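Asker: Based on what follows, work out the 3D shape:
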Amino acid sequence: MSFPIFADTKRTTELSLKERKTGIATLEALSQTTTISKSFILNFFGVLFIYFVPAISNLINLPLYYIEPMRLMLLVAIIYSSKRNAFFIALSLPVFSFIISAHPIFPKMIIMTLELGINVWLFYLFARLFKNYFSAMLLSIILSKAVYFMAEMIFVNLGWLASDTIVSTPLYMQALVAVVLSGYLFVMLTRKESPDPIVDPTR
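Answerer: Prediction:
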């Protein structure tokens with residue numbers, strides 16, 4: 001003996017579940033598409049920004065390299081895109097800059113790529129360990145800079161890099177920029193309504 005009412009109810013429930021799964025899959029696909037679009041736009045303007053930094057510096061007569069434009073773009077990528085794109089920015093911006101303007105020179109391009117990549121990796125590691133964005137970014141900047149200076153010394157001793165090509169930014173300026181960038185990232189990530197779960201140390 002069949003019960004059409006129960007059969008219809010079961011069929012309706014199954015259809016409802018399928019519709020929900022389809023809706024969730026559609027939302028995830030849209031979210032992924034939006035993230036990719038945002039990353040593409042961010043990367044495009046990041047390359048333009050790095051390309052025009054020397055011209056802008058000459059125009060306004062200010063050494064913009066003091067604010068570390070590549071590291072700034074790295075922070076923007078962490079805040080507004082994804083972990084994968086942050087690594088892409090870190091590993092590609094020095095290369096793009098070298099290809100477009102031959103600056104930095106090849107040995108420095110290698111060192112800067114290494115430094116920015118370590119910066120991103122350490123930030124995500126420390127964000128999990130310390131549960132604090134500011135401390136994670138500040139310490140990751142300090143340690144990645146230490147790697148940068150050690151690599152420069154090694155390259156100079158090996159003769160791969162001339163000592164007169166090393167531009168030394170005052171340490172107080174580097175410390176100030178590191179604190180400001182870390183503070184900016186802390187404020188922006190804590191204000192986000194839906195932080196990236198990979199970045200968010202509370203998840």
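Asker: Show me where this protein has its strands.
Answerer: Remark: strands of the chain are absent; assignment by DSSP state E.
Asker: Show me where it dips below the pLDDT cut-off.
Answerer: Applying pLDDT under 70 to the chain picks out residues 1-64, 165, 167, 193-203.
Asker: For it, just list every one of the helices.
Answerer: With DSSP state H as the criterion, the chain has helices at 4-60, 69-80, 83-101, 106-130, 133-158, 171-191.
Asker: Send over stretch 120-136 as CSV, restricted to the C-alpha atoms.
Answerer: Below are the C-alpha coordinates for stretch 120-136, written out as CSV (Å, rounded to 0.1, in the frame of the first residue of the first chain):
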residue,chain,number,x,y,z
VAL,A,120,54.3,36.5,3.3
TRP,A,121,55.2,33.0,4.6
LEU,A,122,56.2,34.2,8.0
PHE,A,123,53.1,36.5,8.3
TYR,A,124,50.7,33.6,7.8
LEU,A,125,52.7,31.4,10.1
PHE,A,126,52.9,34.0,12.9
ALA,A,127,49.2,35.0,12.5
ARG,A,128,48.3,31.5,13.5
LEU,A,129,50.8,31.4,16.3
PHE,A,130,50.4,34.8,17.9
LYS,A,131,46.7,35.4,17.2
ASN,A,132,47.7,39.0,16.5
TYR,A,133,48.0,40.6,13.0
PHE,A,134,50.2,43.5,14.1
SER,A,135,52.8,41.4,15.8
ALA,A,136,52.7,38.8,13.0
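Asker: Buried residues, that stretch. List them.
Answerer: Neighbour-count burial for stretch 120-136 flags V120, W121, L122, F123, Y124, F126, A127, Y133, F134, A136 (criterion: 16 or more other Cβ atoms under 10 Å). Placement of C-beta: from N, CA and C, glycine included.
Asker: Over to stretch 98-117?
Answerer: Applying 16+ other Cβ under 10 Å to stretch 98-117 flags 98, 104, 107-117 as buried.
Asker: okay, now I78: neighbour count?
Answerer: Using other Cβ atoms under 10 Å, I78 has 27 neighbouring residues.
Asker: what separates it from A86, distance-wise?
Answerer: 5 Å (Cβ to Cβ, to the nearest Å).
Asker: which residues do these two both contact?
Answerer: V120 (Cβ atoms under 8 Å, 6 or more residues apart in numbering).
Asker: quick one: buried residues of stretch 169-182?
Answerer: For stretch 169-182, by 16+ other Cβ under 10 Å, it's Q174, V177, A178, L181, S182.
Asker: which ones are touching the fourth one?
Answerer: I take that to be L181. E68, R71, L72, L75, M137, I141.
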